[in-house]
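Chemist: Quick one, what's the 3D model for this:
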Amino acid sequence: MSRMVFCVKYQEELEGVDIPPMPGKKGEYIFNNISKKAWSEWQTKQTMLINEKHLNMIDPNSRSYLAEQMDNFLSNKDTDIVEGYTPPKT
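Modeler: Take a look at the predicted model:
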């Protein structure tokens, strides 16, 4: 049986991630409050941001920027747009 969480992003009960995706308080927060669906969508957006913005994940400024974008994405705040990307029509 899947572990269910009340997803902050979607404001509904959804399947949770299997394990905390990162160490510390932030990982525990995601584990307890973010759905597997929302986390998967963030991972896709994160990859696009890293590629489009040419982020160097060794650079503390790049990591800080990405952490801010993640927080915004998961709490339904505005995030930077990936230029040249058109979302698929549903």
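
Chemist: Am I right that L14 is in a strand?
Modeler: Yes. Under DSSP: H, G, I helix; E, B strand; the rest coil, L14 sits within a strand.

Chemist: residues in contact with it?
Modeler: Counting by Cβ atoms under 8 Å, 6 or more residues apart in numbering, L14 touches 4-5, 7, 35-38. (C-beta placed from N, C-alpha, C; glycine too.)

Chemist: Find the nearest non-adjacent residue to it, please.
Modeler: S35 (3.6 Å; Cβ to Cβ, 6 or more residues apart in numbering).

Chemist: Does that neighbour touch Q11 like I think?
Modeler: No. Using Cβ atoms under 8 Å, S35 is not in contact with Q11; the gap is 10.4 Å.

Chemist: Looking at those two, which has the bigger crowd around it?
Modeler: S35 (23 against 9; other Cβ atoms under 10 Å).

Chemist: which ones are touching the more buried one?
Modeler: S35 touches 5, 7, 9-10, 14-17, counting by Cβ under 8 Å, 6+ apart.

Chemist: Work out the gap between the strand or helix carrying K25 and the centre of the chain.
Modeler: Per DSSP states H and E: K25 is located in helix 24-33. Distance of helix 24-33 from its chain centroid, counting by Cα atoms, centre = their mean, to the nearest Å, is 12 Å.
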